[in-house]
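Undergrad: turn this into a structure:
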Amino acid sequence: MSAALQLEEVRLAYEGARGLHTVVDGFSLALDAGRIGCLLGPSGCGKTTVLRAIAGFEPVRAGSIRLGDRLLSSATVHLPPEERRVGMMFQEYALFPHLTAAQNVGFGLRKLPPAQRQARVAAMLALVGLGDAAGRYPHELSGGQQQRIALARALAPSPALLLLDEPFSNLDAATRERLTVEVRDILKTAGQTAVLVTHNEAEARTMADHVGLMHNGRLTRWTA
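TA: Next up, the predicted model:
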């Protein structure tokens, strides 16, 4: 099976007052379609920078990032984020407070015909177990429900890859533990390829098929 996501010898760096500051170097991994990978490590180790580079928010100084047969990034190529078919779910769910749950889920589907958009929204709400919450506003939902609406919104455009940046960090421990299992089940039901970033080892082990340990900008281990 060919990898859905492949990073080869990626180097990421920022321009600083003292010149180029390397944040990630020699980073390589491969993730098959339908699998969930996790980058695990402490704050500042470079894991979120890798996620942002895959999404197209950070340029690649060396190496390459491919999704299927498409080259997303290299030292000479940079595909814009909107052309990558990569969805992203952040720590803050960023739901629009003036839109209902259904309207939030359908926000990225505005180019679809109304009937098709409505059907897709209904399918995504059903997938996350919130079909009865379509007409409710974010402030009427619990933190866990908001998180599942944000997940439904991220999945609605059928991304080839979904990136999750510390998606459970704003939840209490009990909700976090429950949703880790629920979100894994949702992603598996959808057959979604995904990469999760976290510093929580239990979360990583529960959620992911493969766990990558990061230290000082390098991937030190990639295990099943």
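
Undergrad: name the residue closest to the centre of this structure, please.
TA: For the chain, the residue whose C-alpha lies nearest the mean C-alpha position (C-alpha atoms, centre = their mean) is residue 163; its distance is 1.2 Å.

Undergrad: right, and that one touches residue 187 too?
TA: No. When contacts are counted by C-beta atoms under 8 Å, residue 163 is not listed as touching residue 187 (11.9 Å). (Each C-beta comes from the backbone N, C-alpha and C, glycine too.)

Undergrad: which residues do the two both contact?
TA: Common contacts of residue 163 and residue 187, defined by C-beta atoms under 8 Å, 6 or more residues apart in numbering, comprise residue 194.

Undergrad: can you give me the neighbour number for the nearest residue to the residue nearest to the centre of the chain once chain neighbours are set aside?
TA: Distances taken as C-beta to C-beta, 6 or more residues apart in numbering put residue 88 closest to residue 163, at 4.6 Å, once the chain neighbours are dropped. Under the neighbour criterion other C-beta atoms under 10 Å, residue 88 is assigned a count of 20.

Undergrad: sec struct for residue 88, please.
TA: Assigned state for residue 88: strand (three-state reduction, DSSP: H, G, I helix; E, B strand; the rest coil).

Undergrad: show the pLDDT at it.
TA: Per-residue confidence (pLDDT) for residue 88: 90.

Undergrad: touching, it and residue 151? I think so.
TA: No. Using C-beta under 8 Å, residue 88 makes no contact with residue 151, being 11.4 Å away.

Undergrad: helices or strands up against the strand or helix carrying residue 73?
TA: In the assignment (DSSP states H and E), residue 73 maps to strand 70-74. Contacting strand 70-74 under the criterion 3 or more C-beta pairs under 8 Å, 6 or more residues apart in numbering; DSSP states H and E are the following elements: helix 47-55, strand 62-67.

Undergrad: how about the shortest one: buried residues?
TA: So the one you mean is strand 62-67. Within strand 62-67, the residues that qualify as buried are 63, 64, 65, 66, 67, counting by 16 or more other C-beta atoms under 10 Å.

Undergrad: please export the C-alpha coordinates of it as CSV.
TA: C-alpha atoms of strand 62-67 as CSV (Å, rounded to 0.1, in the frame of the first residue of the first chain):
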residue,chain,number,x,y,z
ALA,A,62,14.3,21.3,2.5
GLY,A,63,12.8,17.9,1.9
SER,A,64,9.2,17.3,0.7
ILE,A,65,5.6,16.7,1.8
ARG,A,66,3.4,14.5,-0.4
LEU,A,67,-0.3,13.6,-0.1
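
Undergrad: which residues touch it?
TA: Outside of strand 62-67, the residues within contact range by C-beta under 8 Å, 6+ apart are 3-11, 26-28, 53-54, 71-75, 77, 84-86, 160-161.

Undergrad: swap in the first one?
TA: Counting by C-beta under 8 Å, 6+ apart, the neighbours of helix 47-55 from elsewhere in the structure are 5, 7, 10, 12, 23-24, 27, 39-41, 58-60, 65, 72-73, 81, 84, 86, 88, 161, 163, 165-166, 195, 197, 214.
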